[in-house]
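what's the 3D shape of this:
(4 chains, ligands or ions: 4)
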Amino acid sequence: MADTATETPHGADSQHGHDDHGDHPTEKQYWVVFVILAVFTAVEVAWSYLGLEGMQLVVPLIIMMVIKFFLVAGAFMHLYFDLKVLNGRLFTWAFFGGILLAMGVYAVVFSTFRWQI
Amino acid sequence: MTDTAAREMPLEPENELQDDVAVVDDHGSDIAGHDDHEGHHSSLGLSNMKLAMWLFLGSECLLFGALISTYLLSKARFLTELVALNPRVLDGLRDGGMPEELIQEFIAEGSVEPIFDIPFTSGSSFILLMSSLTMVFAHKAVSEGNYRNSRVWLAATALLGSTFMAGQVYEFTIFFREGLTYGGSLFGSGFFTLTGFHGAHVTGGIIMLLSLLVLSFRGKLQSNRAETVELVGLYWHFVDIVWVLIFTIVYLIP
Amino acid sequence: MTTYDDQLALPSGLSDGPRQPLGIFARPRNANGFVDWLTTVDHKKIGIMYGAASLFFLIIGGVAALLIRIQLATPNNTFLSGDAYNRIFTMHGTVMVFLVVMPMGAAFANFLMPLQVGARDVAFPRINAFSFWVFFAGGLMLNTSWFIGGGAPNGGWFNYAPNNGVAFSPAAGIDFWNIGLLITGIGSLTGSINLITTVLNMRAPGMTLMKMPIFVWMTLVTQFLLLFAIPVLTVAQVLLAADRLFGANFFNVELGADPLLWQHLFWIFGHPEVYLMILPAFGIVSEVIPTFARKPIFGYPFMVFSGVAIGFMGWGVWAHHMFVSGIGPLSVTAFSVATMFIAVPTGVKILNWLATMWGGKLILNTAMLFSIGLVTQFTIGGLSGVSHAIAPSDTQQTDTYYIVAHFHYVLFGGALFGFVAGFYFWWPKAFGYRLGERLGKWNFWTMVLGFNLTFGPMHILGLQGMPRRMQTYDPAMGFGLWNMVASWGSFILALGILMLLVNVVQSHLAWRRAGRPNVGADPWDGRTIEWSIQSPAPSHNFDVDPAVTSLDDFWHRKYQPDETGKLRRIHTGDEIAQPGDPTGVHLPAPSYWPIVLAMSMPIVGYALIFNLWLMIPGVLLMTLSLWGWALEPADDLDPHDDDGAGQGDSASPDGGDGATAEPELETVS
Amino acid sequence: MRRGVRRFWVVVLSGALLAACAEDKPLNTFEPRGPKARDIDSLMVWIWPIMGIVFVLVIGGAIAIALRNRVRPEDYDAEDLPAQTHGNTPLELAWTIAPAVLLAAISFPMVQGIWSLEEENAEGDLDVMVIGQQWWWEYRYDVDGDGFFTDANGDGVSNQDLTGDDAELPLDISLDPDDIVTANELVIPAGEQVDLIMTSRDVIHSFWIPRLNGKRDTVPGRWHTWSVEADEPGKFTGWCTEFCGLSHSRMRMSAIALSAEDFDEWFENQASPAEIPTDPDALAGRELFQNNCQQCHVINDGDLAYADDFRTNVPLVSLAAPDLTHFASRTSFAGGVYSTYAGGPEDDSTDANDDGLDPDVYLQLAELSAAPDSPDDYRFNAAELKRWVSNAPSRKDMAPDANPETGLGRGMPAFESLTDEQLDQIVAYLATLD
Ligand code: HEA
Ligand code: HEA
Ligand code: CUA
Ligand SMILES: [Cu+2]
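Ligands and ions are numbered 1, 2, ... in the order given. You can find the predicted model right below:
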């Protein structure tokens, strides 16, 4: 649950002052992340041109997609750096709660349809 | 009644500027959480706005999840019927003016891949990805009080976003000319709805960015407002993330 | 009950209900000003407006229900045509669910939750006003379909595809359903974000999550359900709008679409929806029962976690509405089992309420009676729910009156009974006087009687095979008797509800005649901190931040153990209640923009349905109000109110550290 | 024994439920008349008592506690607090776990029940295609017994294709004369499981004959399987239970179970074309039918020509109207709302939903009506049929006027132009179609 940190007596978190994220990545780190993202995109596109089919095609693409997803969420949206606040749980839960829920629910929906293609 | 009048009196801009509490917010949000100082402060040491934004994004996950699911289902059902040569599906495509070769290609490959222009979309995806980078720099610049840079980065982000949108509009017209209409097929409906929804989100983001830029030029975007920029940034990155999904799921996986 | 009316020693100037000291603005609390209600951002007023709106819609939905019952009273009745009947039951279901029960939940969440967490308002007061107005605008728009556009919607409240498509329902009714609810959905979504933020982030010092009142917990769960459920419905509605208005094909079977997509999307929303209708009521009785049992809630952690568990499990059972839709035996098995197990956390709640009452000293006033009413009536509905969860038997029961009986027992016997309990309980906090007990008891017993007479027989009808949504039936089917009983029952039930409304009017008049005596801060010997402020709650809620040290904090301040360990009352509530002195507080200013923005939405809606040219004024108005909203300071810096709140402590712009500081209580002369 | 248990509980639960068992409720779910329905019933026999116990405990408990612990206002003493119990974890765990265990136990027979309802009949047994539409049911029987239905193009569609995970979805399910095509009344051999392969032509409907089985939706674009079996010959009433628009409440159906011989006789009759009448009135009616009705309805009498491409000529949403080839062999029409025959033993209502019909005379209906021996015998319900043909929308809510969006209407239009005499002739003709 997302509440342990909230048990702290009131005001204990006042040193957070204005906001909650202490250290943000440096400009360089941002660039690194970006380059990684760009490389992944390039690999993805290339992969889609390899003429592979089925699992060989889809699985790596999905994996790369997920990595990109977490890179953006973690680095650019600072989820990673928010880990310090509340041990990172609150934002993570609000957002990933939504994602997990969506994935679970819609995966089940799919399983009840017939798939032919 | 005089009281009411007093309440409605608009605030002097300078006054507002000094008061970092009465933050004017660019995307219609509210900040009353910040204003009653003697009483309320955040229980979690978080800003209300930021929490709210994350909650909103969490809810958007279900929105886009449903749209992506709908797209996948529509595409699959479309292809099933097409490959089975369902005459109504064929007619739908032909009525939209789709050339026969393209239809045959769809049928032969059992896939909608032939209509996509992967290199083009890869380019626009890359542009959108790049805008995320400029967005973080914009936020950084604002929080460091570097106003000149912040304007540059904000403008760059908005520009990249607009370029992406221009690409999407271009792509839509191409598809449309190739006979992929909104009403002509299940695939068309699914595709345009999903990407259109995303496009609408990007457009909303661009408007926010431009508003920030205007604020900045009017000298109202100072470091105490960094959070506003950060919020817009969160939204912007989210839209970017969604595109990461769409790009893979819609374009790369046939 | 002890009353405190006479023993109140209020600070001067407060005897006539709390008043603002001289000179300080502006939020006259007894504002008869119409404009004041339209522009208010006060969560309490907004809560009251939610409540009033929901009662208004209850009458619309209720009159529709009575028409249904008249039509069904006898076989082969021709009181309503088939077409009229379909529209009326569709509107009945839709109005009751979306415009009665949901907003009633919002009414309590808005009015009460900030008081219970010790906040001065919700996190985003203007957005809060917007949420209400947009709900109201959407609701009104939906109801205009009675008069314009070719009649009210006729697809049933879940409006299955493809019957909801233009091919089968060409009239605009379905569009009203679709767009109207889409608009109310916007309000629900913004509301949920607002309220979650408030619960998580604006609690009084010391109120950790596990010290929050159960009602607050249930509100939190409810709002999370809304947050995640509304977008799913939104997508379904967007797809439908695309099909109906722009010629898309999402539900066009001829082009290969699968109509079950609608069912999945609707029920992924729809099932969490039913729990978000019941959980606020669960929260309410969890407050009422301990108060009048004079015992703490039994097993607080279990109550909390079962609520959270219901919220989670509610996401995994939606296909129990689709047992006969042909989703395949594997899915049916999974959903069947999952559904049954929801009985477990719900049962924990029921039994814990009983355990709370066990060994208590029960004061059976109206609020308590309605709470016990919920416990018993809801259980009946829950048990029939479990019998639907058994999929094979659901194949006999689904779409019969047995289902109709189930959901009225949980919705009316559960949710509405809980809400009525809440009305009786918190009425003094909202309006400064109690609702009459005598009429209240009549109200309760008439409703219980009418309710069971109306919906009890529906169990039998359903098992005898009467399908729902039937305009009429043949005498040979043998449904005549119990339908007649149900129809009589429904009028008794209507009488019961009428008594509630009469009670409101009567109690108000009596109170006025008596010279508006003050009921005191703590008329029920309450447990939670909303009773530690004056009644009616002053517009600034708390003079000082309530520092909370325990669950039921207020109660513990009144009762403490003596040397022998026996609990003694050391204060009455009114002795330690905050006097209601707003000095030094400044509140967010009212605003026109929320209502204006909200009103622009139905214009856009009408544009979509009737004529796209209407878009122009709609979008213009929307842009204008967004613009106005953005430029308007959220805060009214009244020149008199320079207590430093504004500029002073810029070191902590969002007040993150105001925690330890004593609130400034400068007196402004 | 099981029946005894059930009776017992039914009585215990409430006297009212007893009424649910009364014999005059044609849709009663308590009266299984076939194995599938009985499976469901015998599962519920155990569920209701369990629910009943919980019901009594909780509600009785609540009332008892309320009465026992109540304090009257005059006795109220703020200082006198009850014992302040905060909870009892073992106890609470107990009432968390106990219901869970109970439910887990219930779920075993339940899961078994779910799967057994899905069990299909043996290869080669009778399968019937069921097509729902606004607001009547069509049934098609596979005549040559090769397990294939024929679609409009004459292509064979195996019923194996229509079930299972890789079902093909033929969208054009229109009438084809090679199959037996009937409406509203599903005729089945008693004592045999008949599998239904179901779909819909327009919106979702649900097929439900409570005494034979639970319900299953018919969804356009999908094929669902479901089955019915009746122990004994008889008539079993049902009702469409998925809201399907305007006349949902007038979309009923029935299953008629016949003994094996009777069923064979029925089958043979249905498989042959209708006879061309000799009576001059009926012949005139036949001509009127050709001119007015044939654009929608089919009567296959070997001679009567019908549109080749049936669908394109019909301004109907569902693209089809009931096949009338053996209209007079059916006991009800218009979605099971009206009786084709009135009279009969102890009955002269025109109500299609009473079960006065003796299935033993099912095959002789037309004969009886042609030459009734006594006023008690069945007679062709000409009056009702005439009202129907002259103005169907007044007899059943329908929307035959075209939808502005699609140009299609729903249901049968009124024929105000037909004279009284012409109507009689048409009815006379329809009466010969046994
Ligand atoms: C407030 C709203 C509400 C609530 C709380 C519930 C609660 C439940 N509902 Fe209900 N339901 C509806 C509103 C609600 N429902 C509506 C509106 C519909 C119809 C929609 C439509 O078709 O129009 C519906 C329909 C519906 C169906 C579909 C029926 C059909 O159409 O075929 C099913 C099937 O499983 C179902 C099951 C349940 C179950 C298992 C619960 C459980 O949560 C109940 C749990 C409670 C208890 C079981 C009682 C207390 C427990 C104990 C005392 C412990 C001991 C108990 C046991 C060991 C059994 N409901
Ligand atoms: C919270 C939700 C809620 C509530 C409170 C009610 C309340 C009532 N409902 Fe309804 N109902 C639904 C939700 C609800 N319902 C839903 C979701 C459906 C499914 C719709 C669908 O299938 O699509 C449904 C369907 C439904 C049906 C089935 C229709 C059908 O399937 O054909 C019936 C039939 O009797 C019915 C009856 C009633 C009655 C008699 C009341 C009564 O309790 C109403 C009592 C209230 C009043 C009467 C108003 C207040 C009274 C006064 C102000 C008194 C003075 C006024 C006058 C006397 C004029 N409801
Ligand atoms: Cu067909 Cu209801
Ligand atoms: Cu449900």
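
Please count neighbours and contacts with C-alpha atoms only from this point.
Noted.

ok, residue C:309 to ligand 1 distance?
Distance of residue C:309 to ligand 1, given as C-alpha to the nearest ligand atom, to the nearest Å: 11 Å.

That residue: how many residues sit nearby?
Using other C-alpha atoms under 10 Å in any protein chain shown, residue C:309 is surrounded by 17 other residues.

Let me see the contact set for it.
By C-alpha atoms under 8 Å, 6 or more residues apart in numbering or on different chains, the residues touching residue C:309 are residue C:345.

now the one 4 residues further on
By C-alpha under 8 Å, 6+ apart, the contact list for residue C:313 reads C:338, C:342.

Over to residue B:187?
Each residue near residue B:187 by C-alpha under 8 Å, 6+ apart is listed here: B:71, B:74, B:75, B:78.

Now do the strand or helix carrying the second one: which elements does it pack against?
Just to be clear, that refers to residue B:74. Residue B:74 is located in helix B:48-83, with elements delineated by DSSP states H and E. If you count contacts as 3 or more C-alpha pairs under 8 Å, 6 or more residues apart in numbering or on different chains; DSSP states H and E, helix B:48-83 packs onto helix A:89-112, helix B:87-95, helix B:100-109, helix B:186-217, helix B:226-246, helix C:173-201, helix C:214-246.

Can you tell me which of the ones you listed is most buried?
Counting by mean count of other C-alpha atoms under 10 Å in any protein chain shown, helix C:173-201 has the highest mean neighbour count of these, with a mean of 26.

how far off helix B:48-83 does that one point, in degrees?
With axes from the mean of the first three to the mean of the last three C-alpha atoms, to 10 degrees applied, the angle from helix C:173-201 to helix B:48-83 works out at 140 degrees.

now the angle from helix C:173-201 to helix C:214-246?
Counting by the same axes, to 10 degrees, helix C:173-201 points 150 degrees away from the direction of helix C:214-246.

ok, and does helix C:173-201 reach over to chain B?
Yes. On the criterion C-alpha under 8 Å from any C-alpha of the partner chain, helix C:173-201 is in touch with chain B at C:193, C:194, C:197, C:198, C:200, C:201.

which ones are touching residue 107?
Went with chain A since none was named. With contact set as C-alpha under 8 Å, 6+ apart, residue A:107 has no partners.

please go with chain C instead
Residue C:107 neighbours (C-alpha under 8 Å, 6+ apart): C:46, C:47, C:48, C:49, C:50, C:51.

make it 10 Å
By C-alpha atoms under 10 Å, 6 or more residues apart in numbering or on different chains, the contact set of residue C:107 is C:43-54, C:101, C:113, C:132, C:280, C:419.

same deal with residue A:32?
With C-alpha under 10 Å, 6+ apart, residue A:32 has these contacts: A:26, A:38.

Distance of it relative to ligand 1?
50 Å.

before we move on, what about residue C:103?
Between residue C:103 and ligand 1 the computed distance is 14 Å (C-alpha to the nearest ligand atom).

Looking at that residue now. What's its pLDDT?
Looking at residue C:103, its pLDDT is 96.

give me the element it is part of.
For residue C:103, the element it lies in under DSSP H and E is helix C:102-117.

so, in contact with ligand 2 or not, that helix?
No. Remark: helix C:102-117 sits outside contact range of ligand 2, by C-alpha under 6 Å from any ligand atom, the gap being at least 8.6 Å.

near chain B, anything from the helix or strand that that helix is followed by?
Once the chain leaves helix C:102-117, the next helix or strand it forms, by DSSP H and E, is helix C:125-144. Yes. Using C-alpha under 10 Å from any C-alpha of the partner chain, helix C:125-144 comes into contact with chain B via C:125, C:126, C:127, C:128.

Skipping adjacent residues, who's closest to the first one in space?
Okay, so that is residue C:125. Distances taken as C-alpha to C-alpha, 6 or more residues apart in numbering or on different chains place residue C:41 nearest to residue C:125, at 5.1 Å, with adjacent residues excluded.

cool, the last one as well?
Leaving aside its chain neighbours, residue C:128 sits nearest to residue C:191 (6.1 Å; criterion: C-alpha to C-alpha, 6+ apart).

hmm, back to that, relative orientation of the helix holding residue B:74 and helix B:226-246 in degrees?
Taking the same axes, to 10 degrees, one finds that helix B:48-83 is oriented at 20 degrees with respect to helix B:226-246.

Give me the angle between helix B:48-83 and helix A:89-112.
For helix B:48-83 against helix A:89-112, the angle by the same axes, to 10 degrees is 20 degrees.

Show me how far helix B:48-83 is from its chain's centre.
Computed by C-alpha atoms, centre = their mean, to the nearest Å, the chain-centroid distance of helix B:48-83 equals 13 Å.

Equivalent analysis for stretch C:368-381, please.
On C-alpha atoms, centre = their mean, the centre of stretch C:368-381 falls 17 Å from that of its chain.

what's the answer for stretch C:401-412, then?
That offset, for stretch C:401-412, works out to 19 Å (C-alpha atoms, centre = their mean).

any residue of it up close to ligand 1?
Yes. Applying C-alpha under 6 Å from any ligand atom, one finds stretch C:401-412 touching ligand 1 at C:403, C:407, C:410, C:411.

Send me that stretch as CSV with only the CA atoms.
C-alpha atoms of stretch C:401-412 as CSV (Å, rounded to 0.1, in the frame of the first residue of the first chain):
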residue,chain,number,x,y,z
TYR,C,401,-37.3,-9.8,-12.8
TYR,C,402,-35.1,-11.8,-10.5
ILE,C,403,-32.3,-9.6,-11.7
VAL,C,404,-34.5,-6.5,-11.3
ALA,C,405,-35.2,-7.6,-7.8
HIS,C,406,-31.5,-8.0,-7.1
PHE,C,407,-30.4,-4.7,-8.2
HIS,C,408,-33.2,-2.8,-6.6
TYR,C,409,-32.4,-4.5,-3.4
VAL,C,410,-28.7,-3.4,-3.6
LEU,C,411,-29.4,0.0,-5.2
PHE,C,412,-32.4,1.1,-3.3
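
is any part of it close to chain D?
No. Stretch C:401-412 lies apart from chain D when judged by C-alpha under 10 Å from any C-alpha; the minimum separation is 10.9 Å.

Mind checking the pLDDT average for stretch D:389-404?
87.

Check stretch C:124-135 too.
The average pLDDT for stretch C:124-135 rounds to 94.

Which SSE is immediately downstream of the strand or helix carrying residue C:503?
Assigned by DSSP H and E, residue C:503 belongs to helix C:480-513. Downstream of helix C:480-513, the first helix or strand assigned by DSSP H and E is helix C:553-558.

Please enumerate the strands of chain C.
Here chain C has its strands, by DSSP state E, at C:559-561, C:567-569.

looking at those, which is buried most?
Counting by mean count of other C-alpha under 10 Å, strand C:567-569 has the highest mean neighbour count of those, with a mean of 18.

Check which helices and strands it is in contact with.
Packing partners of strand C:567-569 (3 or more C-alpha pairs under 10 Å, 6 or more residues apart in numbering or on different chains; DSSP states H and E): helix C:553-558, strand C:559-561.

Provide the contact partners of that strand at residue level.
Looking at what lies outside strand C:567-569 - C-alpha under 10 Å, 6+ apart - the contacts are C:555-562, D:78-84.

ok so, going back, ok, the residue nearest to residue C:128 - contacts?
Counting by C-alpha under 10 Å, 6+ apart, residue C:191 touches C:106, C:109-110, C:122, C:124, C:127-132, C:135, C:185, C:197, C:223, C:226-227.
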